[in-house]
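[1] Got a predicted structure plus its sequence, pasted below:
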Amino acid sequence: MGYTPFTSNVLHDIEEEEKEHTVGYHSEKLAVAFAPLNVKDNRTIRVMKNIRICYDCHSFMKHVSAKFGRELIFCDRNRFHHFINRSCSCQDYW
């Protein structure tokens, strides 16, 4: 679908492959991956977090909304993000 991990925000001094592995364990990605396994209908997936969403997770959410045809509502520290069909309500003002 065109998703590639964005690892520029990982500040640890580790190899690029390890950085890609590290961003895969962000809690918002795990929450969005867990939801379709437990809810079979097309209900909206809602995730709330008290810190700001990173650029990689924002991109990931856009791809998930297009791939699975699900509506995602994500609330972070600064704003609500409403993902529908590979677009976000913040107009990528990340």
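    That came through fine.
[2] Helix, strand or coil: sort out D41 for me.
    Secondary structure, DSSP: H, G, I helix; E, B strand; the rest coil: D41 is coil.
[3] whoops, I mixed them up, R46
    strand.
[4] Spell out the secondary structure type for L37.
    helix.
[5] roughly how far apart are it and R52?
    Noted for L37: a distance of 26 Å to R52, by C-beta to C-beta, to the nearest Å. Where C-beta positions appear, they are placed from N, C-alpha and C, glycine not excepted.
[6] for A31, same thing?
    A31 is 16 Å from R52, where distance means C-beta to C-beta.
[7] Please name every helix or strand in contact with the helix or strand hosting A33.
    Assigned by DSSP states H and E, A33 falls within helix 27-38. In terms of contacts (3 or more C-beta pairs under 8 Å, 6 or more residues apart in numbering; DSSP states H and E), helix 27-38 is packed against strand 45-48, helix 55-68.
[8] right, and these - which one's nearest C75?
    strand 45-48 (4.5 Å; C-beta to C-beta).
[9] Please save the CA atoms from that closest one in PDB.
    Once non-C-alpha atoms are left out, strand 45-48 reads as follows in PDB (Å, rounded to 0.1, in the frame of the first residue of the first chain):
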ATOM      1  CA  ILE A  45     -11.800   2.700  16.000                       C
ATOM      2  CA  ARG A  46     -11.100   5.200  18.700                       C
ATOM      3  CA  VAL A  47      -7.700   5.700  20.400                       C
ATOM      4  CA  MET A  48      -6.800   8.200  23.000                       C
END
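[10] Direction included, what does it pair up with?
    strand 72-75 (parallel) (DSSP bridges).
[11] got the contact list for K49?
    Each residue near K49 by C-beta atoms under 8 Å, 6 or more residues apart in numbering is listed here: 27-28, 74-77.
[12] Distance check, it against R86.
    21 Å.
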